[in-house]
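Asks: Just the structure for this:
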Amino acid sequence: VFPEAFERDVCRGFDRRLVIGLLKAHGLLVTGTDSGRNTIKKRITQRSEDAGGATTSKTINCYHIAAAIMELEL
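Replies: From the prediction side, this is the model:
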């Protein structure tokens, strides 16, 4: 989840730190190897339609929520 969407949609009406804490407590927030970081780096590849189909890529930070969230019963 992109950081902007995480704050706007996932955390809507709640404190972002509280949501992150709950995700971590249930083992649902996948974090990188850097200690203390709540996001991971992902490489995004995009194909340009105006440059003859050339591709560009960049690395972004994002929140990785485990698919197990769909099976969580509270």
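
Asks: Return the residues in contact with the closest residue in space to N61 that isn't next to it in sequence.
Replies: Sequence neighbours aside, T39 is the residue nearest to N61 in space, at 4.1 Å (criterion: CB to CB, 6 or more residues apart in numbering). Placement of C-beta: from N, CA and C, glycine included. For T39, the residues meeting the contact criterion (CB atoms under 8 Å, 6 or more residues apart in numbering) are P3, T31, G32, N61, C62, Y63, H64.

Asks: where does the protein dip in pLDDT?
Replies: Filtered on pLDDT under 70, the chain yields the residue ranges 34-35, 51.

Asks: change it to 80
Replies: 32-36, 46-53, 74 (pLDDT under 80).

Asks: quick one, longest helix in it?
Replies: In terms of residue count, the longest helix belonging to the chain (DSSP state H) is helix 16-25.

Asks: Give me the contacts around that one.
Replies: Contact with helix 16-25 is made by F6, E7, V10, C11, L29, N38, I65, I69, as judged by CB under 8 Å, 6+ apart.

Asks: And the fourth one, how close does it get to E4?
Replies: Read it as C11. When CB to CB, to the nearest Å is the yardstick, C11 and E4 sit 11 Å from each other.
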